[in-house]
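> This is the structure alone, sequence omitted:
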């Protein structure tokens, strides 16, 4: 069995830099929510946001992220996604959606993560939404329904990428970036 967390650590820099490049200009002055942030691979590569909030249920991740804040306007909490309550979300990121299901079976975080994602979109109407999932999840899950739901909420697809990380291309990720219709 693959050690999923070790795998994520190895890919963290590559994913963080790429996704920060995709969303970087959109975070200027924005309130960023990193849903089920894990190790928050994008956090270290973003600047100019008004606030950055991330949650996760892995205490080791949150402890490590607390050390990286260093005076930045960021909060990382040990909290299940369904318990998130924030005042404002301009940029919503959901990176690694249900990735642990591939390796561990039932999602160790929450069975409500997709519902929470859509709830936040409906409540806060962020101007930009970034969603990434492992290809295996996209093949099994109903990602078409997610895409349709986001479109129905008033978003246009801005970027869609099929990206491979890791030697030998053993881990494919699909990334979508949506922008709120004006």
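That came through fine. Keep in mind the model is a prediction, meaning the values are calculated, not measured.
> Could I get the buried residue list for stretch 18-25?
18, 19, 20, 22, 23 (16 or more other Cβ atoms under 10 Å). The way it works is simple: take the backbone N, C-alpha and C, and place the C-beta from them, glycine included.
> Equivalent analysis for stretch 119-135, please.
Those would be 120-121, 124, 126-135, for stretch 119-135 by 16+ other Cβ under 10 Å.
> can you name the two of the residues you listed that are farthest apart?
Within these, 124 and 135 form the most distant pair, 28.2 Å apart (Cβ to Cβ).
> returning to what we had before: between the buried residues of stretch 119-135, which is nearest residue 39?
residue 132 (13.7 Å).
> Neighbours of residue 152, how many?
The criterion is other Cβ atoms under 10 Å. On that basis, residue 152 has 8 neighbouring residues.
> which residues sit in contact with it?
Not one residue lies near residue 152 by Cβ atoms under 8 Å, 6 or more residues apart in numbering.
> quick revisit: what about the buried residues of stretch 119-135, which are in strands?
Counting by DSSP state E, the buried residues of stretch 119-135 place 128, 129, 130, 131, 132, 133, 134 in strands.
> Lowest-confidence one in these?
Minimum pLDDT for these is recorded at residue 134 (72).
> what is that one paired to in the beta sheet?
Following DSSP bridges, residue 134 is listed with bridge partners residue 173.
> so it makes contact with residue 163?
No. Residue 134 sits out of contact with residue 163 when judged by Cβ atoms under 8 Å, with a separation of 10.7 Å.
> so what sits against both of those two?
172, 173, 174.
> right, and the last one touches residue 133 too?
Which is residue 174. Yes. Residue 174 lies in contact with residue 133 (Cβ under 8 Å); the separation is 5.8 Å.
> Show me whatever sits in contact with both of those two.
residue 143.
> As a check, name the ranges of all helices in the protein.
4-23, 59-68, 99-104, 113-124, 135-140, 143-152 (DSSP state H).
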